[in-house]
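Colleague: sequence plus predicted model, see below.
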Amino acid sequence: MIGVIGGGAWGTALAQVAAQRSAVLLWAREEAVVEGINAGHENALFLPGCALDPAIRATGDLAELAACDLLLVVAPAQHVGAVLAAAPVGRIPLVLCAKGIEAGSKRLIGEVARAVHPDAPIAVLSGPTFAHEVAGGMPTAVTLACEDPALGEALAARLAVPHFRTYATTDVIGAEIGGAVKNVLAIGCGVVEGAGLGQNARAALIARGFAEMTRFGLARGARAETLAGLSGLGDLVLTCSSTSSRNFSLGVGLGRGESAATLLADRRTVAEGAFTAPVLHDAARDAGVDMPITEAVCRLLDGAAVGDVIGDLLARPLKGEVG
Ligand SMILES: NC(=O)c1ccc[n+]([C@@H]2O[C@H](COP(=O)([O-])OP(=O)(O)OC[C@H]3O[C@@H](n4cnc5c(N)ncnc54)[C@H](O)[C@@H]3O)[C@@H](O)[C@H]2O)c1
Ligand SMILES: O=P(O)(O)OC[C@H](O)CO
């Protein structure tokens, strides 16, 4: 049986995919989500309007996950450590599906999981994946990263269904960094949209943002081809082009001059980039990597005026395109 830890939009969509081939037990934090899935086969809080496979069973009791032989970890990045610490994992393989970096510790989610459950094999699933499209059966492709190639290929085969293709790699760090950094850059692209700065600026931000992602990723041991793949460039393009992205939408609000505090207040859904941006900025400084767009997003989240931040970005000394 496949266990899913997290009953947000993405955990629910992944449960829907997994249910095509396996029994699925989904742990959700909210009682209303557990009841809604078990009684009405719908997650009205986080994925409304999607008729779920009746074979998906939900629970509010983490202990029940001990019966699973594979766990998909889909809590928001800042909560993965706490949720995993309370889960009966032991040696059950963990597929990490959150996109972010833990604030304070500056750890990638794989490092967080390994610290709590050192005996559990770790994999990362990431890529361009709006939950509502995946849950609706629309064609989607993801990266499945695992340092053990045999386990990675077995997990990729187990989680794939015809509309959900998994591409295996051994580059776990690359998959993690792409997913974390793209959320920050998506906020920046949203700002460009909200401030009406035009399509040229958005394309420039995607390309220069990808250069930032690559610099940081290579400094942390990622492989360039992973960063240019589904979990990096693929997801960057998706989230930088659509208001279906919570991160892009947050940026649109910032670009219109609304404050981050107002935009983030009382949110039920997560915009991971808002939490990752400051810790990514710190981690980049530690690694000696220049990330001007990430720095600009941090300033905007801290309340700096859009005109000032864009003016400073454009006023930087000219440099070569590579390097
Ligand atoms: N939604 C997507 O399309 C999508 C796609 C791929 C990856 N992801 C990633 O999946 C992760 C989960 O996002 P989502 O979209 O499923 O969430 P969501 O925005 O739909 O829902 C918020 C989730 O946060 C959980 N939560 C809130 N406070 C919590 C706490 N204190 N402890 C534990 N959990 C808490 C809620 O229970 C809920 O599951 C994120 O890292 C996100 O980047 C999302
Ligand atoms: O809505 P976002 O910005 O969290 O993006 C969701 C997924 O990460 C897209 O791949």
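Modeller: On my side now, so go ahead. Numbering: from 1, shown residues only. Ligands and ions are numbered 1, 2, ... in the order given.

Colleague: wait, residue 125 touches residue 159, no?
Modeller: Yes. Using C-beta atoms under 8 Å, residue 125 is in contact with residue 159, at 7.1 Å. Where C-beta positions appear, they are placed from N, C-alpha and C, glycine not excepted.

Colleague: and those two? Which one has more around it.
Modeller: Legend: neighbour count by other C-beta atoms under 10 Å for residue 125 and residue 159, higher for residue 125 (26 against 23).

Colleague: is that one bridged to anything, and to what?
Modeller: Under DSSP bridges, the beta-bridge partners of residue 125 are residue 144.

Colleague: give me the pLDDT for it.
Modeller: Note for residue 125: predicted pLDDT of 99.

Colleague: again with residue 155
Modeller: pLDDT, residue 155: 98.

Colleague: please apply the same query to residue 107.
Modeller: 98.

Colleague: output the set of residues of the stretch 151-300 of the chain in proximity to ligand 1.
Modeller: Contact residues (C-beta under 6 Å from any ligand atom) of the stretch 151-300 of the chain with ligand 1: 269-270, 272.

Colleague: closest to ligand 2 among those residues?
Modeller: residue 272 (5.9 Å; C-beta to the nearest ligand atom).

Colleague: which residues touch the closest one?
Modeller: Listed by C-beta atoms under 8 Å, 6 or more residues apart in numbering, the contact set of residue 272 reads 76-77, 98-100, 180, 183, 247.

Colleague: now do the contacts for the residue nearest to residue 85 when sequence neighbours are not counted.
Modeller: Leaving aside its chain neighbours, residue 85 sits nearest to residue 116 (5.2 Å; criterion: C-beta to C-beta, 6 or more residues apart in numbering). By C-beta under 8 Å, 6+ apart, residue 116 lies in contact with 81, 84-85, 89.

Colleague: for residue 25, grab phi and psi.
Modeller: phi -120, psi 120 (degrees, to the nearest 10).

Colleague: local confidence estimate at the closest residue to residue 62 other than its chain neighbours?
Modeller: Using C-beta to C-beta, 6+ apart and skipping the chain neighbours, the partner closest in space to residue 62 is residue 87 (4.9 Å). In this model, residue 87 is scored at 98, pLDDT.

Colleague: list the residues that contact residue 87.
Modeller: 5, 27, 62, 65, 71.

Colleague: same thing with residue 42?
Modeller: By C-beta under 8 Å, 6+ apart, residue 42 lies in contact with 36, 48-52.

Colleague: could you redo the last one with a cut-off of 10 Å?
Modeller: Residue 42 sits next to 12, 33, 36, 48-52 when contact means C-beta atoms under 10 Å, 6 or more residues apart in numbering.

Colleague: pLDDT score for it?
Modeller: On pLDDT, residue 42 comes in at 98.

Colleague: I figured residue 90 hits residue 66, correct?
Modeller: Yes. If you go by C-beta atoms under 10 Å, residue 90 and residue 66 touch, sitting 7.9 Å apart.

Colleague: pick out whichever of these two has more residues nearby.
Modeller: Using other C-beta under 10 Å as the criterion, residue 90 and residue 66 rank with residue 66 on top: 12 against 9.

Colleague: now the more buried one: how far from ligand 2?
Modeller: Noted for residue 66: a distance of 29 Å to ligand 2, by C-beta to the nearest ligand atom, to the nearest Å.

Colleague: what about the residue lying closest to that residue once chain neighbours are set aside, how many neighbours?
Modeller: Distances taken as C-beta to C-beta, 6+ apart place residue 88 nearest to residue 66, at 4.0 Å, with adjacent residues excluded. Residue 88: 15 surrounding residues under other C-beta under 10 Å.

Colleague: so residue 88 is in which element?
Modeller: Using DSSP states H and E, residue 88 sits in no helix or strand.

Colleague: quick check: it vs ligand 2, distance?
Modeller: 28 Å.

Colleague: wait, what's in contact with that residue?
Modeller: Here residue 88 is in contact with 3, 62-68, 71, 117 (criterion: C-beta under 10 Å, 6+ apart).

Colleague: try 6 Å
Modeller: Going by C-beta atoms under 6 Å, 6 or more residues apart in numbering, residue 88 touches 63, 65-66.

Colleague: so which of the residues you listed sit within strands?
Modeller: If you go by DSSP state E, these have nothing in strands.

Colleague: among those, which one lies nearest to ligand 1?
Modeller: residue 65 (14.3 Å).

Colleague: once you drop chain neighbours, what's closest to the closest one?
Modeller: Closest residue to residue 65 apart from its sequence neighbours, by C-beta to C-beta, 6+ apart: residue 3 at 4.3 Å.

Colleague: sorry, back to before: which pair in the contacts of residue 87 spans the largest distance?
Modeller: 62 and 71 (10.4 Å; C-beta to C-beta).

Colleague: which element is residue 58 on?
Modeller: Residue 58 is part of strand 56-59 when elements are defined by DSSP H and E.

Colleague: parallel or antiparallel, list what pairs with that strand.
Modeller: By DSSP bridges, strand 56-59 pairs with strand 24-27 (parallel).
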